[in-house]
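Trainee: structure of the sequence below:
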Amino acid sequence: MASIGEPLHSSLMSRGRVASVRPDAPADDQALQEFQQRYSDVRFGPLAIVIPAYNEAENITQVVQALPTTVCGLNVSVLVVDDGSADGTAEVARAAGAFVCAPVQNRGQGAAFRLGYWLARDRGAWVIATTDADGQYDSSQFDRIVEPIVRGEADFVTGSRKLGTYTTDDSVRHAGVVFYARVLSVLTKRRVTDTSNGFRAFHADVLDHIVLDQPQYQATELLLGVIYRGFRWREVPTSMHQRTGGSSKKGNNLLYGYRFGRVITGTWLRELRRNRREGRRLASPGPALHVPPPARTAGQRSGT
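Mentor: Sure thing, here's the model as predicted:
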């Protein structure tokens, strides 16, 4: 972890780790310094659940308190990245028992995830899982996305509402899920059923080999990067329900669909060009992941 007063990017350089996925420097430095002051050198458990949140004070307590303390034998640490909320989300999440990192500016879910991923790995997690702050995913299903990684059968696992249960009532969004899944299936030559599921888990070493730069729609960018890097990935059936409270931040369906399509196209072209520069094929195996599983009894969940 960067020491107090030391810019994050300088810390990364000095330690020889310049990963493709890192927080935005210097934008996140203030939040990381505050995290260090509040939590000192605390180490996370082997499994970190990262939750980006923006104005979710109404939902975050229920979401955090519903999370398991262990999954597949791994102790869980919960990290909420409060993306510049104005409703006290950070304080509520902290009171609920989560570790909280809180940049003062709202910069989008993608930036919040990049910060959360880096911090989770830096504090000792070797498996990183994600869920949303609105309570739409079923916390009892974490074992479904974590077990294949713990067993060494996959590097990246994502939930699929099409293989599982999808109880939201927005028919346009339902149609969009089907349409874009077919588009990604064509682009990746793999069967993809859900392109934007926020319920997922992956080996932390994956972060050294992918690029994430989207301010939003990061689930799709991450999925495309994982597939084009040749990592072992799978979809598993999971549930998605109505929000427990508040309103969606995604906005108008047509605008959302247009922006989502642009992200798919841009990311696909970027990864295609990257593979060509490196002489890789889509079927080429992914890089070796070198971090061994630590003792499963290590870690601390509570951020209070």
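Trainee: output the strand or helix carrying Pro237 as CSV, nothing but the C-alphas.
Mentor: Here Pro237 is covered by strand 233-240, with elements defined by DSSP states H and E. Extracted in CSV, the C-alpha atoms of strand 233-240 (Å, rounded to 0.1, in the frame of the first residue of the first chain):
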residue,chain,number,x,y,z
TRP,A,233,-14.3,-18.7,-17.9
ARG,A,234,-17.8,-19.9,-17.4
GLU,A,235,-21.4,-18.8,-16.8
VAL,A,236,-23.5,-20.2,-13.9
PRO,A,237,-27.2,-19.7,-13.3
THR,A,238,-27.9,-16.9,-10.8
SER,A,239,-30.9,-14.8,-9.8
MET,A,240,-31.6,-11.2,-10.3
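Trainee: average pLDDT across it?
Mentor: For strand 233-240, the mean per-residue pLDDT is 95.
Trainee: surely Leu163 is within a strand?
Mentor: Yes: Leu163: assigned to a strand according to DSSP: H, G, I helix; E, B strand; the rest coil.
Trainee: and the closest residue to it other than its chain neighbours, how far from Gln141?
Mentor: Counting by CB to CB, 6 or more residues apart in numbering, Leu163 lies nearest to Pro237, which is 4.0 Å off, once chain neighbours are set aside. (Each C-beta comes from the backbone N, C-alpha and C, glycine too.) As judged by CB to CB, to the nearest Å, Pro237 and Gln141 stand 9 Å apart.
Trainee: who touches both of these two?
Mentor: Shared contacts of Pro237 and Gln141 (CB atoms under 8 Å, 6 or more residues apart in numbering): Gly159.
Trainee: which one of the two has more residues nearby?
Mentor: Shown here are Pro237 and Gln141; by other CB atoms under 10 Å, Gln141 has more neighbours (19 against 15).
Trainee: any buried residues in the helix ranked longest in the chain, and which?
Mentor: Longest helix of the chain, by residue count under DSSP state H: helix 253-278. Residues of helix 253-278 classed as buried: Tyr256, Gly257, Arg259, Phe260, Gly261, Val263, Ile264, Thr267, Trp268, Arg270, Glu271, Asn275 (neighbour count, 16 or more other CB atoms under 10 Å).
Trainee: quick one on the thing from earlier: how far off centre is the strand holding Pro237?
Mentor: How far strand 233-240 lies from its chain's middle: 15 Å, per CA atoms, centre = their mean, to the nearest Å.
Trainee: could you do stretch 217-235 as well?
Mentor: When C-alpha coordinates are averaged (CA atoms, centre = their mean), stretch 217-235 and its chain have centres 12 Å apart.
Trainee: ditto for stretch 61-75
Mentor: For stretch 61-75 - counting by CA atoms, centre = their mean - the centre lies 16 Å from the chain centre.
Trainee: state the mean pLDDT of it.
Mentor: Stretch 61-75 shows a mean pLDDT of 96.
Trainee: can you check stretch 283-291 too?
Mentor: Stretch 283-291 comes out with an average pLDDT of 85.
Trainee: stretch 94-107 now?
Mentor: For stretch 94-107, mean pLDDT rounds to 95.
Trainee: span of that stretch from start to end?
Mentor: With CA to CA, to the nearest Å as the measure, stretch 94-107 spans 21 Å from end to end.
Trainee: buried set for that stretch?
Mentor: Result for stretch 94-107 [16+ other CB under 10 Å]: buried residues Arg94, Ala96, Gly97, Ala98, Phe99, Val100, Cys101, Ala102, Pro103, Asn106, Arg107.
Trainee: output those residues as TSV; include the columns distance to Ala86 and secondary structure.
Mentor: Formatted as TSV, these follow (distance: CB to CB, whole Å; DSSP: H, G, I helix; E, B strand; the rest coil):
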residue	distance to Ala86	secondary structure
Arg94	16	helix
Ala96	19	helix
Gly97	22	coil
Ala98	19	coil
Phe99	21	strand
Val100	15	strand
Cys101	17	strand
Ala102	12	coil
Pro103	13	coil
Asn106	8	coil
Arg107	14	coil
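Trainee: of those, just say which sits nearest to Val192.
Mentor: The shortest approach to Val192 among the buried residues of stretch 94-107 belongs to Arg107, at 27.8 Å (CB to CB).
Trainee: still on that earlier bit, identify the bridge partners of the residue nearest to Leu163.
Mentor: For Pro237, the beta-bridge partners under DSSP bridges are Ser160.
Trainee: that one against Val157, yeah?
Mentor: No: proximity of Pro237 to Val157 does not meet the contact threshold set by CB atoms under 8 Å, at 11.5 Å.
Trainee: okay, and the common contacts of these two?
Mentor: Counting by CB under 8 Å, 6+ apart, the residues touching both Pro237 and Val157 are Arg144.
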